[in-house]
Each structure stands twice: as structure tokens, then as C-alpha cells.
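>>> Curious how this folds, go ahead:
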Amino acid sequence: MNLKKSLKHKNIFENLIILNIFITSNNAIISLANTKGNVIFWKSCGCLIKKKKKQNSIFLLEQLSFIVLDFIFKNKISKIIIKVKGGNKQKLNILLRPIFFSKLIILNFIDATKVPFN
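Have a look, this model is predicted:
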């Protein structure tokens with residue numbers, strides 16, 4: 001009986017990944033971690049900037065989300081949990097739009113942004 005329970009538990013977390021998003025006013029950082037907490041992949045908008053070229057941050061956010069989606073689909077990941085930290089909702093919408101319209105199963109969405117209450 002315990003073996004069947006452990007096999008079912010293992011199948012739930014088989015293709016599960018945690019997508020961590022941290023957005024500041026100047027940069028956005030995305031990391032992918034497994035359920036044990038080990039970082040598998042990370043990328044930031046600062047890595048995408050070419051030398052001596054000033055680029056639009058909206059374009060970089062779209063490019064960043066497509067790079068992350070490409071990595072997810074190449075590794076056959078089907079289920080994700082999204083954790084977000086950062087205050088700019090416009091940048092977050094641009095970054096998450098391709099992820100929401102993809103065929104990924106989003107199990108949970110956690111917003112860990114600290115909001116002042118005064």
C-alpha cells in the first residue's frame with residue numbers, strides 16, 4: 001500500500017518546475033528550479049543587452065520570456081508553479097503573457113511582493 005502511495009506522489013512531481021520571477025525597476029530575473037530547490041536555468045534582461053546598444057525594456061522582457069519558454073519545451077516540462085516578486089505590474093504582464101498562452105499547466109501562482117499598508 002505504501003509503495004502505491006509513493007508512486008502516485010512521485011508522478012505528481014515528475015515534470016513540475018518552479019518559475020521564480022524577480023522584477024526591479026531596471027532589470028528582470030527569471031530562474032527555473034526543481035522541487036528540491038536546485039536552480040536549473042536562469043536568465044536576466046541584463047544578459048540580453050548588446051554592447052553600446054540601448055534597447056527597449058519591453059522588447060527585452062518579451063525576448064526573455066520566449067527564451068525561458070524555449071528551454072521549458074526543449075526539456076519537456078509540462079507543469080509549473082509561478083512565484084513572482086516585484087512591483088511593476090506592466091512589466092509582469094508583458095513577461096507572463098507568452099507563458100499564460102502556452103500549453104503549460106500552471107498549478108499555482110504566488111505573488112510575494114511586499115505592499116505597504118499605510
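>>> Would you check how far apart Ile105 and Ser31 are?
20 Å (C-beta to C-beta, to the nearest Å). C-beta: built from backbone N, CA, C; applies to glycine.
>>> which of those two has more neighbours?
Legend: neighbour count by other C-beta atoms under 10 Å for Ile105 and Ser31, higher for Ser31 (17 against 11).
>>> which secondary structure elements does whatever helix or strand that one lives in contact?
According to DSSP states H and E, Ser31 maps onto strand 28-33. Under the contact criterion of 3 or more C-beta pairs under 8 Å, 6 or more residues apart in numbering; DSSP states H and E, strand 28-33 touches strand 16-23, strand 39-44, helix 57-74, helix 89-100.
>>> which one of those is the most hemmed in?
Compared across those, strand 16-23 shows the largest average neighbour count, a mean of 20 (mean count of other C-beta atoms under 10 Å).
>>> Just checking: what are the partner strands of that one?
Here strand 16-23 is paired, per DSSP bridges, with strand 28-33 (antiparallel), strand 79-86 (parallel).
>>> what residues does that strand touch?
Contact with strand 16-23 is made by 28-35, 40, 68, 72, 77, 79-88, 91-92, 95-96, 99, 107, as judged by C-beta atoms under 8 Å, 6 or more residues apart in numbering.
>>> same check, this time on stretch 91-99
19, 21, 23, 28, 30, 57-58, 61-62, 64-66, 68-69, 80, 82, 84, 86, 106.
>>> and with 7 Å instead?
Contact with stretch 91-99 is made by 21, 23, 28, 58, 61-62, 64-66, 69, 84, 86, as judged by C-beta atoms under 7 Å, 6 or more residues apart in numbering.
>>> Show the contacting residues for Asn88.
23, 25.
>>> Please identify which helix or strand holds Phe109.
Here Phe109 is assigned to strand 105-111, by DSSP H and E.
>>> If you compare the directions of that strand and strand 16-23, what angle comes out?
40 degrees (axes from the mean of the first three to the mean of the last three C-alpha atoms, to 10 degrees).
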